[in-house]
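Asks: here's my sequence, what's the structure:
(chains A and B)
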Protein chains: 2
Amino acid sequence: MAPSFLLTNGITLAIALAVVGLVFAFILIRQVVGSDAGNERMHVIASAIQQGAKAYLNRQIVSVSLIAVVILAAVWWLRGGLTAAGFVVGAVCSLAAGYIGMMIAVRANVRTAQAASVGSHPALKVAFNGGAVTGLLVVALGLLSVGVFYLIVRGTGAHAKHAIDSLVGLALGSSLISVFARLGGGIYTKAADVGADLVGKNEQNLNEDDPRNPATIADNVGDNVGDCAGMAADVFETYAVSLIGGVLVGHLTVGTEAAVVYPFVLCGLAIIASLIGIGWVNFIKQEATTSLVCGVAVSGIVASGLFWWATGSIFPEGLKIGEVAVSHANLFYCAVVGLVMTLLVVWITNYYTSTHYGPVRKIAKASETGHATNIIAGISIGNQATLLPVLAIAASIWYCYDLAGLYGIAIAVVSMLSLSGIVISLDAFGPITDNAGGIAVMSGLPEGVRKITDELDAVGNTMKAVTKGYAIASAGLAAMVLFGSYVEDLQAFVGHKVAFDLMDHKVVIGMFIGGLLPFLFTSFCMSAVGSAAGSVVMEVRRQITAKPGILNGTETPDYAQCVDIVTKAALGQMIVPALLPLIFVIGVSYLGMEALGGVLIGTIVTGLFVGISMTSAGGAWDNAKKYIEEGSHGGKGSFAHQAAVTGDTVGDPYKDTAGPAVNPMIKVVNILAILIIPIVFKAAAK
Amino acid sequence: MAPSFLLTNGITLAIALAVVGLVFAFILIRQVVGSDAGNERMHVIASAIQQGAKAYLNRQIVSVSLIAVVILAAVWWLRGGLTAAGFVVGAVCSLAAGYIGMMIAVRANVRTAQAASVGSHPALKVAFNGGAVTGLLVVALGLLSVGVFYLIVRGTGAHAKHAIDSLVGLALGSSLISVFARLGGGIYTKAADVGADLVGKNEQNLNEDDPRNPATIADNVGDNVGDCAGMAADVFETYAVSLIGGVLVGHLTVGTEAAVVYPFVLCGLAIIASLIGIGWVNFIKQEATTSLVCGVAVSGIVASGLFWWATGSIFPEGLKIGEVAVSHANLFYCAVVGLVMTLLVVWITNYYTSTHYGPVRKIAKASETGHATNIIAGISIGNQATLLPVLAIAASIWYCYDLAGLYGIAIAVVSMLSLSGIVISLDAFGPITDNAGGIAVMSGLPEGVRKITDELDAVGNTMKAVTKGYAIASAGLAAMVLFGSYVEDLQAFVGHKVAFDLMDHKVVIGMFIGGLLPFLFTSFCMSAVGSAAGSVVMEVRRQITAKPGILNGTETPDYAQCVDIVTKAALGQMIVPALLPLIFVIGVSYLGMEALGGVLIGTIVTGLFVGISMTSAGGAWDNAKKYIEEGSHGGKGSFAHQAAVTGDTVGDPYKDTAGPAVNPMIKVVNILAILIIPIVFKAAAK
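Replies: I've put the predicted structure just below:
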């Protein structure tokens, strides 16, 4: 039988679909930018946010580039030009996805505020489409960069293994940038937010986004550089790394062209599914949450149909892994596991972070007895929230491994991440509506407009929490695939089987050291936010004392000063934690390949728990405060509300700095390990 | 060469030394009880605490017995009468160590308060000797029960393997009781403490131990049932389990009589060393902290000398593990590693929790900007505090494994735990001085007396934090030994090598599920304390509203009502988390022995981090508050102080409920796994 069209042209087709995604992203950009941008007052505020965000990101690029150049030189010297080129492509695309997405978000925010004066659905559309630009950019750039780079390298006549090796360079470039973007953006956004809240809400009784608070512009800038640019770089990385992991495992464990093409095709087809979902939100008029959830569901259904067709076409007779025959239905089931995992994780995170269910209400109730019981309840909920996602991950691994071995797990991950286009649209929707609310308040738009932006903001908060659960769960699975790649690649390199037995004390020592990494990393993150927020508090107190007119509105605060303080703090404090994974991996590699394998698994295990518990607790604290503000337990201004504000403030770095940054960190560890195999274990290969 | 006296009579000698320890414990009991018990007012308060503590412990025994009988029946039915007998011995001795120790502590407290009117050193002596009773009981009962039980079973003609198997039953009995004691006591003490503080300090501006606070007697009862009885059961368990682990590994990996006798001898000789240390504190008059630290140091030095002699005498020609010859010097070095680990962990924990160093001061400084930054700083410090202990544990494993394989690690653990006698004396000193301070305040003793009890209380706090670090680090190492025993025992049972490879998806799934356990377990603990403390707050508010005379001292609060509420809450809420490890181990065993092995290591890895970070953060929060109360950052009553009180309150269940309870929980998981091998893996053996 002749190979199907999809098998011979799969990667080209995927690239074409990525280009279609890019085209739609540009259409959405034109549409967003073409919307009404509101009045002069709104324009002034919005451009202050724009400039702050742009200035920060430019400075971040300079800082990161200096470090990236050193690492690039090391990669070039140790692993050759192709891998180095991959590193550059990954780093640049990761940066670009975040940068362009954010530049649209800071334009969509003011337009969402303006559209809210027309109605709820127009505002939803502008905000969602602004977010969809980021979503589409992430998947299109991800697929395009990996696909084109792979084809070019193959076109030079390089061996498939060689081409895939250089993809690992691409993965490292994107992971490294995303650790910096997540950390820098995360520290920025939460230092500004926490600092603004501590003085504004607790000391001066100002509302959120009150223009009298000198830190309020910095706070709004933070939403963009953290939740938008940082998150985009992060998911770009997870997407690219999952795809590369799928290709790598396909090559190492199956070894056929079909196994390498399949992940590309799944990603390409999912772009069609995402576009249909985006269309649904735009053209079917529904209540905001329903509309967004239906958009994702429609994408999932369309994707599963396309996946069924593609799997049959690429693997008409299934495939063979070693001696074991795997039917194409089995592979399809693995892909479905990825889609189901997406829905499951969304549902679980929603349960733990929505005001409608027990966990958030328990925290709200605990706030009645004070700050401390609120914190205790939140930590308890965060730890509890690890149960279901981890069991789901364990079940997925079990089931997919039974169906198609390590390749099956890889396909589930690729399938899970393939829907990033629509999922990230929801996430990036969050900072846009948050900013729209801020602009509405600061520019004194009428009550009705603010009601709409507030409602959309609440929806955005839930979506943000939910996509964080998605990101960390998928990262856990993706890291498992990378670990498998490390072992397979290592065995191929040294030419014999390497055991990673738990009775080998080196493996266990590696696991302890690896398990340490997420704890140490989050310690740095929390400490960075705490100290940077402390500086903001001092600055705001200084301004209020120096210019007493700020509080009665007769003097204008110096917003730029706060923006500058936070910028410097974020850039200064992101370096050490971002370099921790490099230090650990390279350090432990000298203890041997078994210890390094232990480090990888140790980091995945504790990282998954730390990541899930922190993002869940943070989301739950946030919404417990919202629940009280809606009137429960005494409502706004009550004793319970003060306690809930404390919980929300502690939750801020949990959910937006430390928790999500664990995600790219885990992967840097794993990718770096793969990359250094031929360098540090040369002796073992002889 | 004829076998040395020590080799042929080592276990008998150890038993004799345990009896010596018991005799000294009774001498100390007579001495403490014979001291002046103060005036009538002090007597009334002290007996209220005594009765509350006794009533709680009696009810706890009833609750736990009901569950223990069910488990006993299962053990008897599945593993036979010998193992069931071991279970009973372990459970009863664990209970007895806690019960007797606590009954002395509730008598030593009032006598310490009275002795403080004579001077600082007399008060130190009464409190320390009260604590030393618990310390000596723990080691003497531990060594006696394991030694006598082993000799009796051997005397019945049972095979060594059979005798050791039944020791595993003893380990399970003591572990299970200690999980309940740690949990029940931990929930009790912190629910009362947090509840008393939330209303007393935050709402009514009452001082600690103010007799107008209806929860103050419950708070003082809690110190005894948690920090004294709970901790004694916990360390009894760690001690007995380490000794049994050493014997088990000696039998499984070395197989000679010497290897089995050696751990007993180390434990016996360390009792002499501990007695000399206790004598030092009693007879050498020094400043309190110096005196206690010197006591431990003297014990350590004496122990290392005795260990050198014993090692040479038992292993004149070293030993053979498989084909590898191990010199007696190597074994001695392993024992020294255990002693050095004790000192290292004490030093590290002290660094992270003492007011003299950076970490605590950082939290104190962060309190200036509010409740939330205090919490953020504390969590950051807690996570950071895992770094050095985990690196020390990893280095110990590496070094001891190189010296003498798994047996070397086991010897290091036995040596580390052998000093429990003196270390626990320091720990149990804490609740006694805490209570003495409470009694001094409540009975209106003069300022000078309270100054002395306050100083001793501060010393006690540091000692408590330090011994918690010791307990969790030693538990981590002990659990590694138990995991090794599981694998060795499993392989002996199924008759072939079993691999626990990280590439086996079942192992990884097991690790995820095992890693989940500490998170879920601590979630329950935190939640239990939060909700029980909430009930106390409601009750105290109710009493103050119903009897307004309480606050101006004209009406007496109903202390018994608070004691009753906390008792019921603690007993009700300890059941589910205590049964979690049983449910997980038995559930996962159906996924196979590889998955179960993964569970064991997963629990050890995340449990170690969760345990260390929680106990360290809790201790640091506590002392950050003390540091501010000493006058820094605005002192008592300042904004920073309020924030620090919040941190201390969150830290309470961290350091006294959830964190330390992880320690016996890890071991229940591992022991249970060993015990069920012949039941659930019968099919694999055929």
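Asks: can you pull the contacts of residue A:526?
Replies: Contact analysis of residue A:526 by Cβ atoms under 8 Å, 6 or more residues apart in numbering or on different chains lists A:653, A:654, A:657, A:658, B:376, B:377, B:379, B:380, B:383. Just so you know, the C-beta spots here come from the backbone N, C-alpha and C atoms, and that holds for glycine as well.
Asks: secondary structure element holding the closest residue to it other than its chain neighbours?
Replies: Distances taken as Cβ to Cβ, 6 or more residues apart in numbering or on different chains place residue B:380 nearest to residue A:526, at 3.8 Å, with adjacent residues excluded. In this structure, residue B:380 sits in helix B:371-384 according to DSSP states H and E.
Asks: buried residues in the following helix or strand past that helix, which are they?
Replies: Note on helix B:371-384: by DSSP H and E, the next helix or strand toward the C-terminus is helix B:387-418. Neighbour-count burial for helix B:387-418, counted by 16 or more other Cβ atoms under 10 Å in any protein chain shown, picks out B:387-390, B:392-394, B:396-398, B:400-401, B:403-418.
Asks: mind listing the strands for chain A?
Replies: Secondary structure of chain A by DSSP state E: the strands cover A:319-321, A:324-326.
Asks: so of the ones you listed, which one's packed in deepest?
Replies: strand A:319-321 (a mean of 17; mean count of other Cβ atoms under 10 Å in any protein chain shown).
Asks: surely the residue nearest to residue A:526 meets residue A:531?
Replies: No. Between residue B:380 and residue A:531 there is no contact under Cβ atoms under 8 Å: 9.4 Å.
Asks: the longest helix that chain A contains near chain B at all?
Replies: The single longest helix within chain A, with elements called by DSSP state H, is helix A:447-494. Yes. Using Cβ under 8 Å from any Cβ of the partner chain, helix A:447-494 reaches chain B at A:480, A:483, A:484, A:487.
Asks: are any of those buried, and which?
Replies: Buried among the residues of helix A:447-494 next to chain B by 16+ other Cβ under 10 Å: A:480, A:483, A:484, A:487.
Asks: check those and tell me the two furthest apart.
Replies: Within these, A:480 and A:487 form the most distant pair, 11.0 Å apart (Cβ to Cβ).
Asks: list the contacts for the closest residue to residue A:165 other than its chain neighbours?
Replies: Nearest residue to residue A:165, sequence neighbours excluded (Cβ to Cβ, 6+ apart): residue A:83, at 6.3 Å. Contacts of residue A:83 were listed using Cβ under 8 Å, 6+ apart, and they are A:75, A:76, A:165, A:166, A:168, A:169, A:675.
Asks: remind me which residues of chain A are low pLDDT?
Replies: A:1-3, A:686 (pLDDT under 70).
Asks: again, only this time at 50
Replies: Within chain A, no stretch falls below the threshold (pLDDT under 50).
Asks: for chain B, see how far away residue A:575 is.
Replies: Computed with Cβ to the nearest Cβ, to the nearest Å, the distance linking residue A:575 and chain B is 17 Å.
Asks: where along the stretch 551-686 of chain A do the helices fall?
Replies: A:559-589, A:593-629, A:639-653, A:659-680, A:682-685 (DSSP state H, counting those that start in this stretch).
Asks: give me whichever of these is most buried.
Replies: helix A:593-629 (a mean of 29).
Asks: which residues of the stretch 51-200 of chain A lie near chain B?
Replies: Going by Cβ under 8 Å from any Cβ, the residues of the stretch 51-200 of chain A near chain B are A:194, A:198.
Asks: cool, the stretch 251-400 of chain A as well?
Replies: A:366, A:368-373, A:375-377, A:379-384, A:386-387, A:390-391, A:393-394, A:397-398.
Asks: was I right to think residue A:187 contacts residue A:569?
Replies: Yes. In this structure, residue A:187 is within contact of residue A:569 by Cβ under 8 Å, at 6.9 Å.
Asks: tell me how many other residues surround residue A:114.
Replies: 25 (other Cβ atoms under 10 Å in any protein chain shown).
Asks: quick one, what contacts it?
Replies: By Cβ under 8 Å, 6+ apart, residue A:114 lies in contact with A:35, A:36, A:37, A:38, A:42.
Asks: next: residue A:177.
Replies: A:64, A:68, A:90, A:91, A:94, A:95, A:233, A:237.
Asks: and the angle for the longest helix of chain A with helix A:593-629?
Replies: Orientation check (axes from the mean of the first three to the mean of the last three Cα atoms, to 10 degrees): helix A:447-494 against helix A:593-629 gives 170 degrees.
Asks: what's the offset of helix A:447-494 from the middle of its chain?
Replies: Distance of helix A:447-494 from the chain centroid (Cα atoms, centre = their mean, to the nearest Å) equals 5 Å.
Asks: quick one, that helix and helix A:387-418 angle?
Replies: Angle, helix A:447-494 to helix A:387-418, by the same axes, to 10 degrees: 80 degrees.
Asks: let me see the contact set for residue A:352.
Replies: A:359, A:360, A:381, A:384, A:385, A:616, A:619, A:620.
Asks: change it to 10 Å
Replies: A:358-360, A:381-382, A:384-389, A:465-466, A:469, A:612, A:615-617, A:619-620, A:623 (Cβ atoms under 10 Å, 6 or more residues apart in numbering or on different chains).
Asks: same question for residue A:247.
Replies: Counted by Cβ under 10 Å, 6+ apart, residue A:247 has contacts A:11, A:146-147, A:150, A:160, A:163-164, A:167, A:259-264, A:410, A:414, A:485.
Asks: quick one: stretch A:528-546 near chain B?
Replies: Yes. Applying Cβ under 10 Å from any Cβ of the partner chain, one finds that stretch A:528-546 is in contact with chain B at A:528, A:529, A:530, A:531, A:533, A:534, A:535, A:536, A:537, A:538, A:541.
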